[in-house]
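> What follows is a predicted protein model with its sequence.
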Amino acid sequence: MNEDPLLEILAGVAPGTPLRDALDNILRARTGALIIIGGEPAIDEDCDGGFPLDVPFQHQLVYELAKMDGAILLDRHLERIRRANVEMIPKKYAPSHETGMRHRTAERIAQTRDATVIAVSQRRQVVTLYRGQMRYMLHDLSYILTKATNALASLGRYDRLFRSATRRLGEAEQEGLATLGEVAEVMRRGYIALKIRREIKRYVVELGRDGHLIDLQLEEYPDIYWEWLWLWRDYQREANAPPPPWEEAESWNTTAWGIALGFDSLGQPLSPRGYRWLYHLQLLPGPVIDRLGSHFASRQALAEATPGELSRVGGIDHDTGYQLWTALHSGLGKTDA
Ligand SMILES: Nc1ncnc2c1ncn2[C@@H]1O[C@H](COP(=O)(O)OP(=O)(O)OP(=O)(O)O)[C@@H](O)[C@H]1O
């Protein structure tokens with residue numbers, strides 16, 4: 001859920017890359033272009049006419065070729081220009097919501113082949129990237145900088161909100177008084193913070209060499225992904241249910257998060273399985289936390305386990321098992337924020 005497939009594509013067209021130089025020149029010359037990256041060899045089934053090239057990638061040449069009608073095909077490593085002046089006739093059907101033929105073709109190819117497609121609009125002067133079901137419009141740098149700065153301010157706010165809700169939940173857990181409403185609210189705030197972070201990462205990559213300062217500011221906020229994920233595992237009714245797909249939770253409120261966790265009454269008392277407790281000790285790698293949390297399934301059972309049981313179940317050596325037992329019993333692991 002935390003991986004963003006768009007990042008690699010954005011990195012390939014970031015300012016400072018040869019492909020971006022070609023796109024900027026095409027935009028300036030107002031010729032438009034349809035550029036297809038990868039998809040070979042199956043993509044050749046969708047090609048009609050044009051001419052084969054198979055020459056090393058040069059941004060000046062891509063710019064010159066864009067003056068002709070049709071598509072330019074690059075290899076998946078962006079090392080060679082394979083063909084140009086090609087009419088694309090997608091053999092496999094895919095719906096398209098675009099209007100012009102260039103953009104409809106781009107969307108269809110991206111959905112049916114293992115290729116990234118770039119459409120440069122001649123009339124609207126915009127660059128749109130397509131990959132699978134994904135569609136992303138590139139913006140000019142000052143626009144992205146403004147968006148990134150605003151997003152950083154929102155991240156600061158949601159990071160604080162997430163932390164205060166986490167602290168309150170931790171206190172309620174100590175008293176054995178945690179409710180679904182509190183858990184769902186922490187999930188919701190954390191999700192928004194993660195979503196904003198993902199957006200800023202896209203901006204950083206899209207800004208290329210100009211994204212360094214935004215990246216530095218982003219580093220001021222610790223990534224809460226694991227904290228958030230272990231919270232989900234702590235409270236999800238089905239022990240191994242994965243968190244919802246990224247886009248699905250976009251508009252969820254607290255109630256929707258409660259339902260996603262497998263319960264329906266926000267006042268319902270809940271207790272954690274203990275994953276977060278183990279995570280906060282900062283002693284164990286993820287797979288060990290996973291094994292221990294799945295096996296003991298409650299903080300109480302974890303607290304009652306002997307050092308020997310901890311090391312056997314966790315698959316860790318005796319010394320680490322003893323260290324873990326000491327940490328669990330020293331009160332260190334009882335702070336949940
Ligand atoms: N199937 C296709 N294969 C290759 N090139 C195409 C294809 N369809 C359109 N094009 C290219 O796109 C150009 C513009 O076509 P059209 O105006 O229909 O698209 P558009 O999506 O509205 O793009 P723009 O915004 O640039 O006008 C065509 O002249 C042609 O060079």
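Yes, it's here.

> and for the longest strand anywhere in the chain, what are the contacting residues?
Counting residues, the longest strand in the chain under DSSP state E turns out to be strand 80-88. Under the contact criterion Cβ atoms under 8 Å, 6 or more residues apart in numbering, strand 80-88 has outside partners 34, 36, 40, 46-58, 61-62, 65, 68-75, 105, 109. In short, each C-beta sits where N, CA and C put it, glycine included.

> Isn't Leu169 up against Val186?
Yes: using Cβ atoms under 8 Å, Leu169 is in contact with Val186, at 5.4 Å.

> contacting residues around whichever strand or helix holds Leu73?
Taking DSSP states H and E as the definition, one finds Leu73 inside strand 71-74. Applying Cβ under 8 Å, 6+ apart, the external contacts of strand 71-74 come out as 33-40, 43, 47, 50, 57, 62, 65-66, 80-84, 86-88, 105.

> ok, and of these, which contact the ligand?
Near the ligand, taking Cβ under 6 Å from any ligand atom as the test, the members of the contacts of strand 71-74 found are Leu34, Glu87, Met88, Thr105.

> ok, of those, which one's closest to Arg197?
Leu34 (33.0 Å; Cβ to Cβ).

> Provide a list of residues in contact with the closest one.
Per Cβ under 8 Å, 6+ apart, neighbours of Leu34: Gly70, Ala71, Ile72, Met88, Arg102, Thr105, Ala106, Val117, Ile118, Ala119, Val120.

> what number of residues lie near Ser330?
The tally of other residues near Ser330 (other Cβ atoms under 10 Å) stands at 10.

> what secondary structure does Ile118 sit in?
At Ile118 the chain is in strand, as set by DSSP: H, G, I helix; E, B strand; the rest coil.

> and the stretch 101-250 of the chain, which residues reach the ligand?
Residues of the stretch 101-250 of the chain lying near the ligand (Cβ under 6 Å from any ligand atom): Met101, Arg102, His103, Thr105, Ser121, Gln122, Arg123, Arg124.

> ok, and the closest non-adjacent residue to Pro243?
Trp232 (5.1 Å; Cβ to Cβ, 6 or more residues apart in numbering).

> Was I right to think that neighbour contacts Arg188?
No: under the criterion of Cβ under 8 Å, Trp232 makes no contact with Arg188, lying 11.7 Å away.

> related to what we said a few turns ago, among the contacts of strand 71-74, name the buried ones.
33-40, 43, 47, 50, 57, 62, 65-66, 81-84, 86, 88, 105 (16 or more other Cβ atoms under 10 Å).

> Select from these every entry located in strands.
Using DSSP E, the buried ones among the contacts of strand 71-74 in strands are 33-38, 47, 81-84, 86, 88.

> Can you show me the strands along the stretch 151-300 of the chain?
With strands called from DSSP state E, counting those that start in this stretch, the stretch 151-300 of the chain shows none.

> returning to what we had before: what strands line up against the strand holding Leu73, and which way round?
strand 33-38 (parallel), strand 80-88 (antiparallel) (DSSP bridges).

> thinking again about what came up before, could you check how far the longest strand of the chain is from the centre of its chain?
On the basis of Cα atoms, centre = their mean, to the nearest Å, strand 80-88 is displaced by 31 Å from the centre of the chain it belongs to.

> how about the CA coordinates for it, as PDB?
These are the backbone C-alpha positions of strand 80-88, laid out as PDB (Å, rounded to 0.1, in the frame of the first residue of the first chain):
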ATOM      1  CA  ARG A  80      17.000   3.500 -27.800                       C
ATOM      2  CA  ILE A  81      14.500   5.000 -30.100                       C
ATOM      3  CA  ARG A  82      12.800   2.000 -31.700                       C
ATOM      4  CA  ARG A  83      10.400   3.400 -34.200                       C
ATOM      5  CA  ALA A  84       8.800   6.700 -35.200                       C
ATOM      6  CA  ASN A  85       5.900   8.100 -37.300                       C
ATOM      7  CA  VAL A  86       3.800   5.000 -36.200                       C
ATOM      8  CA  GLU A  87       0.100   4.900 -36.300                       C
ATOM      9  CA  MET A  88      -1.000   3.100 -33.100                       C
END
